[in-house]
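# Let me see the structure of the following:
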Amino acid sequence: MAESEYETRIRVEGRWGMLELAGELDIAAVPAVEELLLQLVALGTPVVVIDLREVTFFDCSVLGAMYRARAGVLASGGCFAVLCVRPWALKIMHMAELLDVFQPVATLVDLADLDSLDNGRRRGARA
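All right, here's what the predicted structure looks like:
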């Protein structure tokens, strides 16, 4: 199997901590992604955002890492959000029954109203 080709970047802006991901993410990428998520949570930003807009592939192991990260963020009283615009990625989340859990949005503007984030859930979302 070929090695995953992906890029990561942590960005912090005020109350927001963002993990930007790009490229192909599979099970080989999960330990690095999880380590970066732990670093991001350790910074203490109350809003953690995973940006998947530049991801060209991910598998269910990455969804699992995101789900675990979300649980950790919510347990610490923070908010969790996902940026995602690619139809194939949204379909995978839907098939994994995680679309309603992650409730991805297309832009940071869609997350600008922090009052609409309630422990990682936006109004009308199922727990």
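# Tell me the helices and strands packed up against the longest strand along the chain.
If you go by DSSP state E, the chain has its longest strand at strand 47-58. Counting contacts by 3 or more CB pairs under 8 Å, 6 or more residues apart in numbering; DSSP states H and E, strand 47-58 packs against strand 16-25, helix 30-42, helix 60-75, strand 79-83, helix 87-95. Every residue, glycine included, has its C-beta placed from N, CA and C.
# Need the ones you listed in CSV (columns: distance to Val109).
Formatted as CSV, the helices and strands packed on strand 47-58 follow (distance: least, CB to CB, whole Å):
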stretch, distance to Val109
strand 16-25, 13
helix 30-42, 21
helix 60-75, 21
strand 79-83, 11
helix 87-95, 18
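# Mean neighbour count, those: which tops it?
strand 79-83 (a mean of 23; mean count of other CB atoms under 10 Å).
# Taking strand 16-25 as reference, get the angle to it.
Calculated by axes from the mean of the first three to the mean of the last three CA atoms, to 10 degrees, strand 79-83 forms an angle of 40 degrees with strand 16-25.
# Look at the spatially most central residue of the chain and report its pLDDT.
Nearest to the mean C-alpha position of the chain, counting by CA atoms, centre = their mean, stands Ile50 at 3.0 Å. According to the prediction, Ile50 has pLDDT 96.
# partners of it in the sheet?
Judged by DSSP bridges, the bridge partners of Ile50 are Leu19, Val82.
# Which residues are in contact with it?
Met18, Leu19, Leu21, Leu37, Met66, Ala69, Phe80, Ala81, Val82, Leu83 (CB atoms under 8 Å, 6 or more residues apart in numbering).
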